[in-house]
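In: Here is my input; please provide its structure:
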Amino acid sequence: MFKKFIVAAAAVLFTLGASAQASTRIEFSVGAGTGHGGMSPLEIGGTLGYRFLPRMYAFAHGGCLYGMYDKDHGRLYTKSATLSGGLGYTLFKAGNVDVDLRVSAGGSVGNADWKHTVYDGGVAFRIGGTGRLKLNVGLGYRHITSHTAGIGTYNGLYGTIGVGF
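Out: Numbering: from 1, shown residues only. Model (predicted):
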């Protein structure tokens, strides 16, 4: 049910974004987390957002999450497609830097090696001049509840870097 809601929310955001280009945001990013319990997450993903109030926006995020870990002195990884949705709020703007607070929740979809539910909260800095292209840098906390036997729950700091339009 939750996964169907995320897909429906992404479709609505895409439709709204097509009708109001000035209020949409597209981002591509790479993120990594601190190690916890032998697990270190790495994610490559994209985000589509829609600003519905001057300081508040909703977004849908899709990505490929890799869980890298050491097991029996061998380096292994799991991978899973992840869909999530969330809200962002622009706390303030200082020159060409926007500082946003973001929260999101989502989970793995499809035939994932690592079935999980993920919760994120953090601060994102959107840095750029007068053009549409912005550098995005984020720092936050990530909690991942694992639903796969043999892989524990993850808690840790998480950082991202990417570009946005």
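
In: Look up the residues forming beta bridges with Y69.
Out: Assessed by DSSP bridges, Y69 has beta-bridge partners M39, L76.

In: With H143 instead?
Out: Partner residues in beta bridges with H143, using DSSP bridges, are Y119, N155.

In: can you check G85 too?
Out: A60, A105.

In: nearest residue to S40 other than its sequence neighbours?
Out: M68 (4.9 Å; CB to CB, 6 or more residues apart in numbering). For every residue, glycine as well, the C-beta is placed using N, CA and C.

In: Which residues are in contact with the one you found?
Out: M39, S40, P41, L42, R75, L76, Y77 (CB atoms under 8 Å, 6 or more residues apart in numbering).

In: how about those residues, which pair is most distant?
Out: With distance counted by CB to CB, no two of these lie farther apart than P41 and R75, which are 14.5 Å apart.

In: higher neighbour count, the two?
Out: Ranked by neighbour count (other CB atoms under 10 Å), P41 and R75 place P41 first, with 25 against 8.

In: Report the separation between that one and Y77.
Out: P41 sits at a distance of 10 Å from Y77 (criterion: CB to CB, to the nearest Å).

In: list the residues that contact both of these two?
Out: Among the neighbours of P41, those also in contact with Y77 (CB under 8 Å, 6+ apart) are Y66, G67, M68.

In: K134: which of the residues you listed is nearest?
Out: So of the shared contacts of P41 and Y77, ranked by how close each gets to K134 (CB to CB), first place is Y66, at 25.6 Å.

In: Cool, thanks, signing off.
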